[in-house]
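Novice: below are the sequence and a predicted model; questions follow.
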There are 2 protein chains.
Amino acid sequence: MEDLHLSFTEENYLKSLIHLTVLSLAKIEVGTNELAVNLNVKPATVNDMLKKLKEKKLINYERYGKISLTEIGRLAGMEVLRKHRLWETFLVEKLDFSWDEVHEVAEQLEHIHSRKLIDRLDSLLDFPKFDPHGDPIPNAKGEIEILTRKTLNEIEIGEKCRLVAVKDNSSAFLQYVNKLGLTIGSEIEIASKEIYDELLHLIIDDQTFTVSKKFAENLFVV
Amino acid sequence: MEDLHLSFTEENYLKSLIHLTVLSLAKIEVGTNELAVNLNVKPATVNDMLKKLKEKKLINYERYGKISLTEIGRLAGMEVLRKHRLWETFLVEKLDFSWDEVHEVAEQLEHIHSRKLIDRLDSLLDFPKFDPHGDPIPNAKGEIEILTRKTLNEIEIGEKCRLVAVKDNSSAFLQYVNKLGLTIGSEIEIASKEIYDELLHLIIDDQTFTVSKKFAENLFVV
DNA sequence: TAATAAAGTTAGATAAGCCTAACTTTAAAT
DNA sequence: ATTTAAAGTTAGGCTTATCTAACTTTATTA
């Protein structure tokens, strides 16, 4: 399971597939075009790579068919995800990065090949269960705790909830979240909603804020 | 000086040039073949890359001429070296790697692009001056403390000296060094030398060891 | 169900890094 | 100083990962 030497690019394909299948519950297959959009390359490029990944037994795929990860592919992809999230945690916990600065650097660090490195990092961080964005970190066996989470726009008027994670990890979005004084764990109450333009009025720490539906869809709450 | 986007490969060329020119005192130019040997590629490959590096103003080079780093190239190469040595220090100090395990991983980590990351790492490690092999770490301005060091085989019989660094960073060599109980700072006395086969008899912690000239040439002492 | 749209595939190009084989220039040695 | 050896270069190919443009298959919808 170790020692199958994957390129930077191959690892990115597996990571995308993890996101599109394993992590987006209730879907275990994905199409060429959707994967192309996710990886920001053209479908023709994906098509070529699918043949290679199938050859290496990392994915299940037939001509004109849907794509899914094999067990080997799932484990390899999970390891990349584990590395990404552990590095993000390291950057925030040990190097005082803010949560909106870590994604790009972790995109690079996740491709460092060293089992020992990642296991020691896990230990240094005291085996964290969640990364700075509230996402669960897969363990060394590739197991992940997938919790059912609602997005903020699914919460009813008058209800209170707690921010547990963010969907969008871009610095633009996260800085916007910061501006509202929100952090993982913050309590949010839905004051009211506008029918016409779908805006939400929130109460956070006794202050009122108005946000868009798009914004609310990117916050996971319980 | 920041933001010139260099590839993994280009960075390795600059790092090699730093080693072959700046660090190996009294030589500021190098040839295509020598660089090829150092990078473990063929001279023809180096020749192609020289054109690219010259185009990017990282090296001084004319057809059939010698190669040297420009100021831009020197700074970029120094930054790679700085990253390599800081990461090695991190692995030993924070993740309990032994000094013979760090080189390969640092070869990967040195190519992570993030000025903030490396400066924060420097700070986390308390601005170390030397890496685990006793080599000086360039500062954020690309300045390095080049000290005049002798190798163990240059020491006269009866003299005592102290191990300050190792030349060879391979795990095979470093494990051999470990086996003799030597660490950076160890005191070594030259008991005697064999004329015939150039062996050295050493006294380390009241114990006698016999080592080859090749071995002694890879230990820096003062 | 036949036409059309969407999804997926193929063929042919390009750029980066690498190679081998043949060639040219410079340096060394008789 | 001429020959030979060493160093350096060029031309042409290969692989990986990407692209565009044209084509095929599957799905949708009128």
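Specialist: That came through, no problem.
Novice: could you list every helix and strand in contact with the longest helix along chain A?
Specialist: Scanning chain A for the helix with the most residues, using DSSP state H, yields helix A:71-93. Here helix A:71-93 touches helix A:8-17, helix A:102-109, helix A:115-124, going by 3 or more CB pairs under 8 Å, 6 or more residues apart in numbering or on different chains; DSSP states H and E. Placement of C-beta: from N, CA and C, glycine included.
Novice: could you give me the buried positions within it?
Specialist: A:73-92 (16 or more other CB atoms under 10 Å in any protein chain shown).
Novice: before we move on, what about stretch A:159-179?
Specialist: Buried residues in stretch A:159-179 (16+ other CB under 10 Å): A:161, A:163-166, A:168-169, A:171, A:173-174, A:176-177.
Novice: what does stretch A:134-142 give?
Specialist: Quick answer for stretch A:134-142 (16+ other CB under 10 Å): A:134-138, A:142.
Novice: now stretch A:9-18
Specialist: Here stretch A:9-18 shows A:10-18 as buried, counting by 16+ other CB under 10 Å.
Novice: tell me the one of the buried residues of stretch A:159-179 nearest DNA strand D?
Specialist: When the buried residues of stretch A:159-179 are ranked by distance to DNA strand D (CB to the nearest atom of the strand), A:N169 comes first, at 20.2 Å.
Novice: is A:V37 in a helix, a strand, or coil?
Specialist: helix (DSSP: H, G, I helix; E, B strand; the rest coil).
Novice: burial measure for it, as a count.
Specialist: A count of nearby residues for A:V37, using other CB atoms under 10 Å in any protein chain shown, gives 15.
Novice: for A:I157, same thing?
Specialist: A:I157: 11 surrounding residues under other CB under 10 Å.
Novice: ok, the closest residue to it other than its chain neighbours to chain B distance?
Specialist: Nearest residue to A:I157, sequence neighbours excluded (CB to CB, 6 or more residues apart in numbering or on different chains): A:I190, at 5.2 Å. Distance, A:I190 to chain B, using CB to the nearest CB, to the nearest Å: 37 Å.
Novice: swap in A:L69?
Specialist: 25 Å.
Novice: need the contact list for that residue.
Specialist: Neighbour list for A:L69: A:14, A:17-18, A:21-22, A:58-60, A:77 [criterion: CB atoms under 8 Å, 6 or more residues apart in numbering or on different chains].
Novice: same thing with A:E101?
Specialist: Going by CB under 8 Å, 6+ apart, the list of residues near A:E101 reads A:91, A:171, B:116.
Novice: could you list the domains of chain A?
Specialist: Taking automatic domain parsing as the reference, chain A has its domains at A:8-72, A:150-221.
Novice: contacts only, for the residue of chain A most remote from its centre.
Specialist: Most distant residue from the mean C-alpha position of chain A: A:Y196, 31.2 Å away (CA atoms, centre = their mean). Residues counted as contacts of A:Y196 (CB under 8 Å, 6+ apart): none.
Novice: list the contacts for the spatially closest residue to A:K27 that is not a sequence neighbour?
Specialist: Leaving out its chain neighbours, the residue that sits closest to A:K27 by CB to CB, 6+ apart is A:T21, at 6.0 Å. Going by CB under 8 Å, 6+ apart, A:T21 touches A:27-30, A:68-69.
Novice: dump those into TSV; add distance to DNA strand C as well.
Specialist: Below are these laid out as TSV (distance: CB to the nearest atom of the strand, whole Å):
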residue	distance to DNA strand C
A:K27	13
A:I28	14
A:E29	9
A:V30	8
A:S68	12
A:L69	16
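Novice: so can I have CSV of these showing secondary structure, pLDDT and distance to A:L202?
Specialist: Output for those, formatted as CSV (DSSP: H, G, I helix; E, B strand; the rest coil; pLDDT from 0 to 100; distance: CB to CB, whole Å):
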residue, secondary structure, pLDDT, distance to A:L202
A:K27, coil, 76, 30
A:I28, coil, 84, 35
A:E29, coil, 90, 37
A:V30, strand, 95, 34
A:S68, strand, 96, 39
A:L69, strand, 97, 38
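Novice: of the residues you listed, which is the most crowded?
Specialist: With neighbours taken as other CB under 10 Å, the top of the contacts of A:T21 is A:L69, carrying 24 neighbours.
Novice: measure that residue to A:Y176 for me?
Specialist: Distance from A:L69 to A:Y176, counting by CB to CB, to the nearest Å: 33 Å.
Novice: is the residue farthest from the centre of chain A located within a helix, as I assumed?
Specialist: No. With three-state DSSP as the criterion, A:Y196 is coil rather than part of a helix.
Novice: let me know the pLDDT of it.
Specialist: On pLDDT, A:Y196 comes in at 93.
Novice: state the distance from it to chain B.
Specialist: 43 Å.
Novice: all good on my end, thank you.
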